[in-house]
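**Q** whatever this is, show me its structure:
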Amino acid sequence: MEFTSIPYTPSLVPDALREFDVYVPTPSPQGTLPPVLVFVHGGAWRSEDKADHSLLARKLSAATQFVVAVPNYRLTPAKLPSDVHFHHPGHAQDLLQFLVFLIAWNGPAGAGPLYDPNSLYLIGHSCSAHMITSIFLDSSLVSPSLTPPSTVFQAVKAVVMSEGIYDLSLLLSTFPAYREWFIAPTFGQHESYHQFSTTNFSLIDPHIRWLIIHSKGDTLVDLPQSEAMYKHLCNLYGDDAAARVRFNANQLDGEHNAIVRSDAYVAIVKDFVLGPEI
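**A** Numbering: from 1, shown residues only. As a prediction, this is how the structure comes out:
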């Protein structure tokens, strides 16, 4: 069962970039409502659509027996107008607005609640890993609008991040062309992007489990990004890091976006989200 193009804003004007799709496992779970797993697409803050990941969503739902939700969010235009454009933290604000809506939503008309709103799992791929860590680590000194309400924060049980972007300055040291391609349009022109590095943000609360995935075959985002976030989370969790933070950089060998189409990716996510709560 699938429900598509559901708006998560109160606007009366349809906005395809602020809608989401929902995939319910077949057969539908009976009795206790299942958790909900959210996949947030990448695309350098400027491309991709929820529909691009419908096959992955179906695979994740079948493998985990979770309801899977895939949101869109507004994008920075590839060709910028001269005066104004959509920029950070707007993309992450859309994601946070969606999560607030998701945990309060009573389901589609006639269907009723589809999932347990107090059991939320997140997957962020590529740039959306930056968005998720900007929300669920403490970015309040840089982007106070991304501070999640306690209802959303406490609902999140675990976060999976694959081929993530976290430290923009570190990324530019390896890929300087990214500055004009998508970093400056998204974050503005700065000599340094240190303030936007989510590897600088502190822990809000230690209850979330984290899995960082990086493919050996990724040529678009290099391994030091994931290594930096893994080291940062381990430092934040201290003695609890071994139980709360996992790193998988040896199992996948596909290209940056190709990995999310692989059965191996689905299996890695399944094993983690179905793992024991701590």
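
**Q** how about residues contacting stretch 170-187?
**A** 44-46, 76-77, 80, 85, 87-88, 91, 165, 168, 190, 193, 196-197, 221-222, 224-225, 228 (C-beta atoms under 8 Å, 6 or more residues apart in numbering). For glycine as for every other residue, the C-beta is placed from the backbone atoms N, C-alpha and C.

**Q** and it, how far out from the chain's middle?
**A** 20 Å (C-alpha atoms, centre = their mean, to the nearest Å).

**Q** then stretch 181-200?
**A** Counting by C-alpha atoms, centre = their mean, stretch 181-200 comes out at 18 Å from the chain centroid.

**Q** can you show me the CA trace of that stretch as CSV?
**A** Taking C-alpha atoms only, stretch 181-200 is exported to CSV below (Å, rounded to 0.1, in the frame of the first residue of the first chain):
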residue,chain,number,x,y,z
TRP,A,181,29.1,24.2,-8.1
PHE,A,182,27.0,23.9,-4.9
ILE,A,183,28.6,25.0,-1.7
ALA,A,184,28.6,28.8,-2.4
PRO,A,185,25.1,28.8,-3.9
THR,A,186,23.8,26.8,-0.8
PHE,A,187,25.7,28.5,2.0
GLY,A,188,26.9,31.8,0.5
GLN,A,189,30.3,33.1,-0.4
HIS,A,190,32.7,32.6,2.6
GLU,A,191,36.4,32.3,2.9
SER,A,192,35.9,29.4,5.3
TYR,A,193,32.8,27.2,5.9
HIS,A,194,34.0,26.1,9.3
GLN,A,195,30.9,27.5,11.1
PHE,A,196,28.7,25.1,9.1
SER,A,197,30.7,22.0,9.8
THR,A,198,28.5,19.6,11.8
THR,A,199,31.6,18.0,13.2
ASN,A,200,31.8,21.1,15.4
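
**Q** name the helix or strand of this structure that has the lowest mean pLDDT.
**A** Every helix and strand of the chain was ranked by mean pLDDT, DSSP states H and E. The lowest is helix 184-187, at a mean of 94.

**Q** next SSE downstream of that one?
**A** strand 202-203 (DSSP states H and E).

**Q** who does that next one pair up with?
**A** Using DSSP bridges, strand 202-203 pairs in its sheet with strand 137-138 (antiparallel).

**Q** mind checking which of the contacts of stretch 170-187 are in helices?
**A** Secondary structure from DSSP state H places H91, L168, P224, Q225, A228 of the contacts of stretch 170-187 in helices.

**Q** report pLDDT for the fourth one.
**A** Read it as Q225. On the pLDDT scale, Q225 is placed at 98.

**Q** got the residue ranges for the strands in the stretch 151-278 of the chain?
**A** 156-162, 202-203, 209-213, 245-248 (DSSP state E, counting those that start in this stretch).

**Q** which among the contacts of stretch 170-187 end up buried?
**A** For the contacts of stretch 170-187, a burial check counting by 16 or more other C-beta atoms under 10 Å picks out 44-46, 76, 88, 91, 165, 168, 193, 196-197, 221-222, 225, 228.

**Q** show me where pLDDT drops low in the stretch 51-200 of the chain?
**A** Along the stretch 51-200 of the chain, segments meeting pLDDT under 70 span 79-84.

**Q** so how many other residues sit close to D240?
**A** 12 (other C-beta atoms under 10 Å).

**Q** tally up the residues packed near the spatially closest residue to it that is not a sequence neighbour, please.
**A** Distance criterion C-beta to C-beta, 6 or more residues apart in numbering; nearest residue to D240, sequence neighbours excluded, is P206 at 6.4 Å. Using other C-beta under 10 Å, P206 has 13 neighbouring residues.
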